[in-house]
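Trainee: Model the structure of this input:
(3 chains)
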Amino acid sequence: MQKKKIISRLLQMLIVLLGISFMAFLLTYLAPGDPITAMYSAAGVTPKPEQLEAARKAMGLDKPFIVQYGTWLINCLHGDFGTSFSNKQNVLSLLMLRFKPTVRLAFFSMLLMLAISIPLGIISAVKQYSWCDNLIRVLNFLGISMPGFWLGLLLQYIFALKLHMLPVASSTLDMKRMILPCVTLAVAMTSKYTRQVRASVLDELSMDYVIGARARGLGKWRILFAHVLPNAMLPLITLLGISFGSLLGGTAVVEMIFSYPGLGEMGVRAVRGRDYPLIQGFVLWVALIYMLINLLVDISYSLCDPRIREKR
Amino acid sequence: MKWKEALKSRRRLIIFGTLALCILLIAVLAPRFMPYDPVKAPLKDALQAPGGAHLCGTDTMGRDVFTRVVYGARISISNTMLLLGVVLVLGSFLGVIAGFFGGTVDTVIMRVSDIMIAFPDLILAIAIAGILGPNMINAITAIAVVSWPRYARLARSLVLKIKNRDYIYAAYITGSRNSYLLRQYFLPNILPTVIVTAATDVGTFMLSLASLSFLGFGVQPPTPEWGYMLSEGRTYMQSAPWLMIYPGIAIFIVVSVFNLFGDAVRDLFDPKADVTKNL
Amino acid sequence: MFKEVSMKKSVAATILAISMVAAISGCSNPAAPAATTAAPAAETNAAAAVETAAAPAAETTAAAAETPSAGKTELNVAVELMATTNEASIDWDSWYVQRYGVAECLVRNGDSGSFEPWLAESWEVADDNLTWTFKLRDDVKFSNGVDMTATKVVESIERLYDITDPEKGGNGLPQGYMTYSSISADDAAGTVTIVTENPTPDMPGVVAYPWMFIMDVEGSKDIDTVAMAPICTGPYVMTSFTEGLSSELVRNEYYYDDVPFEKVNIMRVAESASRTMALQDGSADMAINIAAADQELLESDSNITVDRAAGSRICVTFMNFENKFLADKTLRDAINMAIDGETIASVTTRNAYLYGFAPVPSSYDFGYDELTNPTPYDVDAAVKLLDDAGIVDNDGDGIRELNGENIELNYVVQANRSMDLIGQAISAQLADIGIAAPIQLVEHLNDYLSNKNYDLINASYVTMPTGDPGSFFSHWRTDFIDNYCGYSNSEFDETFDAMKGEFDAAKRREYIIQLQQILLDDSAMHVNGYFTTNIAYTNKIKDVFNNPSDFYWVNKNIKPAE
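Mentor: Numbers count the residues shown, from 1 in each chain, chains lettered A, B, ... in the order given. Sure thing, here's the model as predicted:
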């Protein structure tokens, strides 16, 4: 990707981030109830009226909306996302703390998904309409229709409780603790992704050059691995970025189920507890991650696809 | 092979359409033949195991789980349909306006939809529903807000496809008003595709609503809703697993049926549908 | 062409490979990745805590699960909640610092209800009822080896009162229980003298309250008490704290008594079902607060003991007297009579609550047996009461009307300590007699309470935080700041004021009984029952005791079973 394009993408991202920040701020502004009482409430304290007024002035809540938004935005640019109502800690440091576990969870889920869906999708496409294909398609379908939260609960019930195979409580985030959440996340994504792989490979297989190559006497496997697969994988890279979005959403639910201390769990608790600074920070942060990932994906896509490189 | 596929999809449409209809009928007729009340709480019957008088056991308030699961279908399906309707209408409307009028209207609508798309939808829905307050209307609003962009884009692209055709110009020049053009030409063009997309989305929307309720941002007790029933059942995983199993099975079955139905509908209109567009 | 493609591909592949290696190395050595993630604020203690916590715990947790009880050196505790900070002056975070076995107070709530010496050997009050003298133990050292002197104790208390001083913007919580006009130390005699501003008969309870724990102010100067516990005198010392996940403690080498374990791991396991599982599969030795549903399950497991105690915590349903319907006494009486408290407590909450109709729990000697309940459970009587008063359903929608309007009450409920179950049950029972009270689940009650933004609300209170329930009745005293229900009764106010100034225990008891009866006669609220706390533990450890005050979890008594 050209530098120019990257820069224009970054600019686009900035604008979108601005829009999201505005929306996040607007949301909390529109929320029923008073953010100051919410702040004290989240801390479990009942303030006196004078304390409320003082706090309100200190946080600049008596100023018009645009001024409040502007101040908050400028603070954010300086890295000050505010202080969490319930934790009294810096929102940014809280986000940082929870960022790593969620990234690990997302990363390994994605790895698991790729490891399963790519081979399955290829097999399914190559052996189209065979019993293999049908079995895989049925499994896919089940995976898509399965509610993620139910799957998580079931897995917890079976593997942690009944079979005692995995620990339930631990003070670290080691691999054992991550298996069930990763599998839960991977199942839903695998089903969708396998379908894409299958469709993409099928598309490639139906192209003329395959017939041509076959006619020229090239071996089946050579055609598959050297030509068809590389081409088929290209559009799937972009989809990786998009599915990352549903992954981030999915971690919220999965983290709640498995009490996994990641961004999603913190976000849900923040929303429940009306911890507005934390909610705003969380929304912005997730948006940023998502867009960065998509940018990276697009860059690597253009690196891999010679057709796009040549277009400049 | 194509005609075999087409026949297969017709058959599939009938089978799954019938199944979906059955589910709808069960949902609608539930009050007539369900023996127990889903909301009244005979406290003393709490947490009875499945069997005997209660096919699927009772919950913490003594309510029959089977009855609540069936009533849950009413809630889930009606809310999903409502959500679908809102998203369809809103998304298509905005998309058509954007495509038809172009210019600033188009840019504004598209930028806003970019912002929505640039965001993991469940997270935003959680934020919206959580902040506005937990009830079904807000949950529906939240998911509608994050879902309309897809439909808007679809509608817009369909409008753009035919906007510059000759017959549109012809109609315009001969004095047809915009509203007539929209009604007579554009709407029939976009409706089939949009409705097909909606049909394939029923399952997803149902799951999204259930997820929001599961997290506590949707219905409030004592409304029987599957997602919420699952979250209530978590604490009783060991002592009363039936609280968790049956609502889950219900969601799974209903979502499956509607997904199958949606796929069959899609295949009907476009047997070689580009699956890659469906993420 | 092939070369170009493969070069681009190898670049992409290398990027992928590098990031995979980074992630995998991050997985095997959890301490490393703080550098790989963009973490400008990684200098915080919290990040440091993650680094130190992860590596050693990985091996030891595994070890703890496998070693037999002989030679058990680690205690694994599964808790439901963790405080977000370790600072005594922040809300109720001090409870956790004490519960983990890190901090101690001058006085302790005894296991059987009376007050016991702890850091103070003895105490007495002078005839003026204001001057309290605490004689300290002379063998106490802080975990940094520094002696605990009377001066140190005074510094610790003064620090708390300074930070929480309402005039300086503090939360004023300790001041709500006791304010002192002077506090002084006599290092030679080892005594601390506190002169209270008002007579405070529950002074031992006041100093036993968790936020009064004694810390080494000087020694903790460099500690960020938000992210790490300060230097205290308890049997265990905190070495790491990861908010929302875990905390690790090691033996305090300077403790004045034997400390059975080398290490204590506190693990946050938010889901009750998971805590139960943790006990069953051995990843936790003790678990705090097992849900009522699982208690029966665990009790039938011969390896596990569930120790329950009914403390002084109650669940009360406040009625908002400013609501136009609830101002009517007949309605309130009917509401009380329509609620089957016994069944709700024993069946719905599975004995998480012990039913009782009076504000002060029956297990304490404050006249429960002398009180009369004017509105016992009787649905037919409730219906008759409403019908006779003309509060009937005229338009057939199933809801009775009062003054021409459907009776609809906004019932605010928090999903905590089974209060949501109680709320649902009450809502259903009220619906049965024609009163609509749909529940609204909320996360935090405080602003609903303080803004009186409810018609009915379930609240959970510790009625005797300092051993005396007197201050609990301020919730009904006219114009008091914590009167969240708008109740106003002059007879109640007079009795309350008299009780407040009374130092004699027997007379106070009389006043408290009167106060309870007034509230009961007025149907001012509905008491749902008294909460039972529990600690469940495996047979790998022993001498675990669930203190009714709920202040103490890990202490020096818990030891490995032989």
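
Trainee: Going by C-alpha atoms from here, please, whenever you check contacts or count neighbours.
Mentor: OK.

Trainee: what's the spacing between the residue in the stretch 101-250 of chain B that chain A sits nearest to and residue A:78?
Mentor: Among all residues of the stretch 101-250 of chain B, residue B:120 sits closest to chain A, at 4.5 Å; criterion: CA to the nearest CA. Going from residue B:120 to residue A:78 by CA to CA, to the nearest Å gives 25 Å.

Trainee: Return the distance of whichever residue of chain C sits closest to chain A relative to residue A:152.
Mentor: Minimum separation of chain C from chain A (CA to the nearest CA) falls at residue C:446, amounting to 4.9 Å. When distances are taken as CA to CA, residue C:446 and residue A:152 turn out to be 33 Å apart.

Trainee: Count the neighbours of the spatially closest residue to residue A:228 that is not a sequence neighbour for me.
Mentor: Here the nearest residue to residue A:228 in space, its sequence neighbours aside, is residue A:204; by CA to CA, 6 or more residues apart in numbering or on different chains that works out to 6.0 Å. If you count neighbours by other CA atoms under 10 Å in any protein chain shown, residue A:204 ends up with 20.

Trainee: Contact partners for residue A:204?
Mentor: Counting by CA atoms under 8 Å, 6 or more residues apart in numbering or on different chains, residue A:204 makes contact with A:210, A:228, A:231-232.

Trainee: And for residue B:235?
Mentor: Contacts for residue B:235 (CA under 8 Å, 6+ apart) come out as C:271-273, C:291, C:293.

Trainee: Repeat that for residue C:94.
Mentor: If you count contacts by CA under 8 Å, 6+ apart, residue C:94 has them with C:86-88, C:210-211, C:213.

Trainee: Next, give phi and psi for the residue nearest to residue C:166 when sequence neighbours are not counted.
Mentor: If the residues on either side of it in the chain are set aside, residue C:166 comes closest to residue C:172, at 4.9 Å by CA to CA, 6+ apart. Listed backbone geometry of residue C:172 is phi 70, psi 10, with angles given as degrees, to the nearest 10.

Trainee: swap in residue C:122?
Mentor: In this entry, residue C:122 is assigned phi and psi values of phi -160, psi 170 (degrees, to the nearest 10).

Trainee: Count the neighbours of it for me.
Mentor: Residue C:122 - counted by other CA under 10 Å - has 16 other residues nearby.

Trainee: Now do it, the pLDDT please.
Mentor: On the pLDDT scale, residue C:122 is placed at 93.

Trainee: Residues contacting stretch B:35-55, please?
Mentor: Counting contacts by CA under 8 Å, 6+ apart, the residues outside stretch B:35-55 that touch it are B:56-68, B:71, B:222-224, B:240, B:242, C:343-344, C:347-348, C:425, C:428-429, C:432.

Trainee: coming back round to it: so which strand or helix has the residue nearest to residue A:228?
Mentor: Assessed by DSSP states H and E, residue A:204 sits inside helix A:175-205.

Trainee: pLDDT averaged over that helix, what's the number?
Mentor: Mean predicted confidence for helix A:175-205 is 85.

Trainee: Tell me what angle the following helix or strand past it forms with helix A:175-205.
Mentor: Once helix A:175-205 ends, the next helix or strand along the chain (criterion: DSSP H and E) is helix A:208-215. Per axes from the mean of the first three to the mean of the last three CA atoms, to 10 degrees, the angle that helix A:208-215 makes with helix A:175-205 is 80 degrees.

Trainee: which ones are touching the spatially closest residue to residue B:217 that is not a sequence neighbour?
Mentor: Of all residues beyond its chain neighbours, the one nearest residue B:217 is residue B:134 (4.4 Å), with distances taken as CA to CA, 6+ apart. For residue B:134, the residues meeting the contact criterion (CA under 8 Å, 6+ apart) are B:216-220.

Trainee: The same query, at a cut-off of 10 Å, please.
Mentor: Residues in contact with residue B:134, defined by CA atoms under 10 Å, 6 or more residues apart in numbering or on different chains, are A:272, B:126, B:128, B:212-213, B:215-220, C:440-442.

Trainee: Equivalent analysis for residue C:455, please.
Mentor: When contacts are taken as CA under 10 Å, 6+ apart, residue C:455 is in contact with C:317-326, C:408-412, C:437, C:448, C:485.

Trainee: Phi, psi for it please.
Mentor: Here residue C:455 shows phi and psi, under degrees, to the nearest 10, equal to phi -110, psi -40.

Trainee: per-residue confidence for it?
Mentor: Looking at residue C:455, its pLDDT reads 95.

Trainee: again with residue A:236
Mentor: Per-residue confidence at residue A:236 stands at 80 (pLDDT).

Trainee: In contact with it, which residues?
Mentor: Contacts for residue A:236 (CA under 10 Å, 6+ apart) come out as A:118, A:193, A:196-197, A:200, A:242, A:301, B:276.

Trainee: Output the residues you listed in TSV; the columns should cover neighbour count and distance to residue B:94.
Mentor: Shown next, in TSV, are the contacts of residue A:236 (neighbours: other CA atoms under 10 Å in any protein chain shown; distance: CA to CA, whole Å):
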residue	neighbour count	distance to residue B:94
A:118	20	37
A:193	27	30
A:196	26	29
A:197	27	33
A:200	25	31
A:242	21	23
A:301	22	32
B:276	17	24
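
Trainee: which of those lies closest to chain C?
Mentor: Distances from chain C to those, taken by CA to the nearest CA, are shortest for residue A:301, at 9.0 Å.

Trainee: interface residues of chain B facing chain C?
Mentor: Along chain B, the residues adjacent to chain C under the rule CA under 10 Å from any CA of the partner chain are B:39-47, B:59-62, B:133-135, B:216-217, B:220-222, B:234-240.

Trainee: Mind checking which of these land in strands?
Mentor: When the residues of chain B next to chain C are checked against strands (DSSP state E), there are no matches.

Trainee: which of the residues you listed count as buried?
Mentor: Buried by 16 or more other CA atoms under 10 Å in any protein chain shown: B:39-47, B:59-62, B:133-135, B:216-217, B:220-222, B:234-240, out of those.

Trainee: can you tell me how far whichever residue of chain A sits closest to chain B sits from residue C:529?
Mentor: Scanning chain A for proximity to chain B using CA to the nearest CA identifies residue A:245 as nearest, at 4.5 Å. With the distance defined as CA to CA, residue A:245 ends up 47 Å from residue C:529.

Trainee: For chain B, list the residue farthest from the centre, please.
Mentor: Distance from the C-alpha centroid of chain B peaks at residue B:174, with 41.1 Å (CA atoms, centre = their mean).

Trainee: What are the neighbouring residues in contact with it?
Mentor: residue B:168.

Trainee: go again using 8 Å as the cut-off
Mentor: Residue B:174 neighbours (CA under 8 Å, 6+ apart): none.

Trainee: Check the one 4 residues further on too.
Mentor: In this structure, residue B:178 makes contact with residue B:172, judged by CA under 8 Å, 6+ apart.

Trainee: buried stuff in stretch A:195-211?
Mentor: Of the residues in stretch A:195-211, those with enough neighbours to count as buried (16+ other CA under 10 Å) are A:195-202, A:204-205, A:210.

Trainee: Check stretch C:199-214 too.
Mentor: For stretch C:199-214, the neighbour count (16+ other CA under 10 Å) marks C:199-214 as buried.

Trainee: between these, which is nearest chain B?
Mentor: Checking the buried residues of stretch C:199-214 against chain B with CA to the nearest CA, the nearest one is residue C:210 at 29.7 Å.

Trainee: thought that closest one was touching residue C:102?
Mentor: No: contact status for residue C:210 versus residue C:102: not in contact, 11.2 Å apart, counting by CA atoms under 8 Å.
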